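Chemist: mind looking at a prediction? Sequence and model below.
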Amino acid sequence: MKEVWHSYAQLRILLDGMLIMMVLYGLLSYWQQRKAIYWQYALYIVCMMVTFRLLDGDYSKAEYLPGMNYKVVFMETFAFSFYMQFAILLMNIRENDRFSFLLLRGMIGVLVVHLFIDSILVLAGVPDAIRSEIYTIDRYLLGIGALVIVPRIIRLRHQVMVYFIVGSFFFIFACIFALSTNFLPTVFIRRPDLPFGYPVTYIELGVVAEVLCFTLGISRLNHLTELEKISVQAQLIDQLQENEKKQQKISRIRDEIARDLHDEVGSDLSAITMLSRSARKLVYDQPEQVSETLHTIGQTSKKVLSAIRDIVWSLNSSQRTYENLTFRMREMAYSLFEKTTTSLHFDFMAIAPDELIPVDQRRDIFLFYKESLHNILRHAKAGTVCIRLSLTDDKLVLEITDDGVGFNAAAQRGGNGLLFLRQRADSLGGVLEINSVAGQGTSIVLTCPVGIPA
């Protein structure tokens with residue numbers, strides 16, 4: 001290793017070997033992942049290596065001037081263009097900092113314009129000294145542009161920012177230092193036995209350090225990409241699980257609708273059909289009973305219509321508000337008790353008109369309420385029914401009390417009506433309390449959470 005530091009050629013072999021490994025890494029990575037950042041990264045290194053070899057021939061000339069070799073200017077233009085495009089992709093500068101993106105694009109434009117001007121000067125036979133001065137000014141302008149961009153990139157606080165900043169610092173510092181050595185010919189003597197007497201040595205060292213930093217940055221970027229993929233997959237899994245739960249709810253609602261249609265509508269429609277056939281026979285055999293049969297058909301039809309109306313209302317997405325629910329509860333209660341002497345009293349807590357209740361919860365709440373009133377109508381013989389509804393802290397409380405005959409709650413625990421109420425309470429994730437004493441009325445209290453609709 002000691003001998004390397006005493007030979008420019010051996011030092012260059014070492015540095016070129018490191019860069020070739022990075023080129024292979026970039027090309028193989030592109031072959032695997034098909035991302036533009038890798039081939040731009042590899043071509044940048046290749047262009048710089050070709051540039052270094054061309055500079056080796058220039059430094060052997062006694063009258064060497066920076067920028068005098070058109071091939072060097074040509075290769076540097078491509079190298080720096082790939083470098084800037086690589087930086088844009090690595091840091092996602094186009095999305096994160098529009099100004100820096102435009103400035104980098106402008107710097108690429110400066111490189112292209114300089115190459116165009118230099119091509120004209122070469123064809124016109126302009127002296128190398130003038131071309132070298134223009135070249136030096138152009139490169140210092142690019143260095144100034146880079147120094148403007150670096151602080152802006154720091155403010156982005158991107159995950160790979162540190163790797164890019166450190167790598168760019170090595171490169172920019174090496175380029176500026178190499179340009180400065182041209183003005184100190186007595187200090188930087190270009191001799192084969194003095195490896196650090198050549199400006200290109202410092203540029204290549206800077207590129208090697210930069211490439212190592214960029215490689216670490218790409219590795220970090222890939223790690224972040226994998227974490228992002230894992231996060232997206234976790235979100236997709238959660239979404240699939242949520243969709244599955246929603247599908248199960250939809251299936252449950254469909255099953256309940258089918259059961260309601262069968263139990264409430266199907267039997268009544270069958271009754272209407274049978275009564276219609278009976279009415280046709282009675283027209284000829286017992287005309288005096290036709291009116292009563294038609295009346296029964298009408299009442300049954302009204303009952304079917306009411307059942308269908310309840311089902312349609314429970315599924316209507318435009319009827320999701322607390323206000324719609326309370327309106328329908330009043331309407332149904334008045335319709336149910338319209339031919340009785342029972343007095344109805346409502347105590348509905350004032351809630352914002354746009355307060356929403358999920359469709360499946362609204363349906364279960366309404367069916368619970370409807371069954372409770374049917375039980376009172378059929379069994380309680382109540383003179384007064386009080387209905388209270390409140391919604392606080394995402395909890396709904398429905399209390400229905402009557403002053404009817406009451407019953408022994410323990411003895412009636414297995415009744416169909418009470419079983420239905422308990423099933424509805426369970427489906428709502430709520431708590432049901434039933435208090436009743438024979439001759440003293442009944443109190444039914446449902447407390448359940450109300451979720452936010454999707």
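Modeler: Looks like it came in fine.

Chemist: and the helix or strand where residue 120 lies, what's buried?
Modeler: Assigned by DSSP states H and E, residue 120 falls within helix 98-124. Using 16 or more other Cβ atoms under 10 Å as the test for burial, helix 98-124 gives 100, 101, 103, 104, 107, 108, 110, 111, 114, 115, 118, 121. In this view, the C-beta of every residue, glycine as well, is placed from N, C-alpha and C.

Chemist: do stretch 130-143 as well
Modeler: 131, 132, 134, 135, 136, 138, 139, 142.

Chemist: dump these into CSV; add distance to residue 340, pLDDT and secondary structure as well.
Modeler: Rendered in CSV, the data for the buried residues of stretch 130-143 read as follows (distance: Cβ to Cβ, whole Å; pLDDT from 0 to 100; DSSP: H, G, I helix; E, B strand; the rest coil):
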residue, distance to residue 340, pLDDT, secondary structure
131, 108, 88, helix
132, 109, 87, helix
134, 104, 90, helix
135, 103, 88, helix
136, 104, 86, helix
138, 98, 88, helix
139, 99, 82, helix
142, 93, 85, helix
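
Chemist: which pair of those spans the longest distance?
Modeler: Greatest spatial distance among the buried residues of stretch 130-143 (Cβ to Cβ): 131 and 142, at 16.5 Å.

Chemist: so where is the stretch 101-250 of the chain shaky, pLDDT-wise?
Modeler: Residue ranges of the stretch 101-250 of the chain with pLDDT under 70: 158-159, 179, 181-195, 197.

Chemist: rewinding a little: I'd like the buried residues of helix 98-124 written out as JSON lines, with distance to residue 392 added.
Modeler: JSON lines is the format used below for the buried residues of helix 98-124 (distance: Cβ to Cβ, whole Å):
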{"residue": "100", "distance to residue 392": "53"}
{"residue": "101", "distance to residue 392": "53"}
{"residue": "103", "distance to residue 392": "58"}
{"residue": "104", "distance to residue 392": "58"}
{"residue": "107", "distance to residue 392": "63"}
{"residue": "108", "distance to residue 392": "63"}
{"residue": "110", "distance to residue 392": "67"}
{"residue": "111", "distance to residue 392": "69"}
{"residue": "114", "distance to residue 392": "73"}
{"residue": "115", "distance to residue 392": "74"}
{"residue": "118", "distance to residue 392": "79"}
{"residue": "121", "distance to residue 392": "83"}
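
Chemist: number of nearby residues for the closest residue to residue 119 other than its chain neighbours?
Modeler: Spatial nearest neighbour of residue 119, excluding adjacent residues (Cβ to Cβ, 6 or more residues apart in numbering): residue 70 at 7.4 Å. The number of residues packed near residue 70 is 17, by other Cβ atoms under 10 Å.

Chemist: residue 110 versus residue 70, what's the distance?
Modeler: Residue 70 sits 17 Å away from residue 110, going by Cβ to Cβ, to the nearest Å.

Chemist: which pLDDT value belongs to residue 435?
Modeler: Listed pLDDT for residue 435 reads 90.

Chemist: run through the bridge partners of it.
Modeler: Beta-bridge partners of residue 435, counted by DSSP bridges, are residue 443.

Chemist: determine the three-state secondary structure at residue 426.
Modeler: Here residue 426 takes the helix state, with states given by DSSP: H, G, I helix; E, B strand; the rest coil.

Chemist: residue 218 versus residue 226, what's the distance?
Modeler: Going from residue 226 to residue 218 by Cβ to Cβ gives 13 Å.

Chemist: any low-confidence regions in the stretch 351-454 of the chain?
Modeler: Using pLDDT under 70, the stretch 351-454 of the chain drops low at 351-356, 359, 409-416, 451-454.

Chemist: repeat that with 50
Modeler: Scanning the stretch 351-454 of the chain for pLDDT under 50 picks out 453-454.

Chemist: what ranges does it have for its strands?
Modeler: Residue ranges of the strands in the stretch 351-454 of the chain, as given by DSSP state E, counting those that start in this stretch, are 384-392, 395-402, 431-436, 442-449.

Chemist: can you put those in a markdown table and add mean neighbour count and distance to residue 367?
Modeler: Below are these laid out as a markdown table (neighbours: other Cβ atoms under 10 Å; distance: least, Cβ to Cβ, whole Å):
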| stretch | mean neighbour count | distance to residue 367 |
| --- | --- | --- |
| strand 384-392 | 18 | 15 |
| strand 395-402 | 19 | 12 |
| strand 431-436 | 16 | 14 |
| strand 442-449 | 19 | 11 |
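
Chemist: redo those strands as a markdown table? Include distance to residue 168.
Modeler: Formatted as a markdown table, the strands of the stretch 351-454 of the chain follow (distance: least, Cβ to Cβ, whole Å):
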| stretch | distance to residue 168 |
| --- | --- |
| strand 384-392 | 60 |
| strand 395-402 | 59 |
| strand 431-436 | 65 |
| strand 442-449 | 56 |
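
Chemist: closest to residue 66 out of those?
Modeler: strand 442-449 (76.5 Å).

Chemist: chain neighbours aside, what residue packs nearest to residue 85?
Modeler: Nearest one to residue 85, counting by Cβ to Cβ, 6+ apart, is residue 40 at 5.3 Å.

Chemist: contacts only, for the one you found.
Modeler: Applying Cβ atoms under 8 Å, 6 or more residues apart in numbering, we find residue 40 in contact with 82, 85, 86, 89.

Chemist: and the residues you listed, which of them are in helices?
Modeler: Among the contacts of residue 40, DSSP state H puts 82, 85, 86, 89 in helices.

Chemist: could you check how far the closest residue to the third one other than its chain neighbours is from residue 145?
Modeler: Using Cβ to Cβ, 6+ apart and skipping the chain neighbours, the partner closest in space to residue 86 is residue 40 (4.7 Å). To residue 145, residue 40 is 19 Å away according to Cβ to Cβ.

Chemist: ok, now residue 209?
Modeler: Counting by Cβ to Cβ, the gap from residue 209 to residue 145 is 21 Å.

Chemist: and what of residue 36?
Modeler: On the measure of Cβ to Cβ, residue 36 and residue 145 end up 23 Å apart.

Chemist: looking at these two, which one has more neighbours?
Modeler: Comparing residue 36 with residue 145 by other Cβ under 10 Å, the one with more neighbours is residue 145, at 17 against 11.

Chemist: for residue 127, phi and psi?
Modeler: phi -60, psi 150 (degrees, to the nearest 10).

Chemist: quick one: neighbours of it, just the number.
Modeler: With other Cβ under 10 Å as criterion, residue 127 counts 11.

Chemist: list the contacts of it.
Modeler: Going by Cβ under 8 Å, 6+ apart, residue 127 touches no other residue.

Chemist: try residue 215
Modeler: 22, 25.

Chemist: secondary structure element holding it?
Modeler: Here residue 215 is assigned to helix 199-260, by DSSP H and E.

Chemist: ditto for residue 64
Modeler: Under DSSP H and E, no helix or strand contains residue 64.

Chemist: give me the nearest residue to it, chain neighbours excluded.
Modeler: residue 58 (5.1 Å).

Chemist: so the helix or strand harbouring that neighbour versus helix 199-260, what angle?
Modeler: Per DSSP H and E, residue 58 falls inside helix 36-59. Computed by axes from the mean of the first three to the mean of the last three Cα atoms, to 10 degrees, the angle separating helix 36-59 from helix 199-260 equals 180 degrees.
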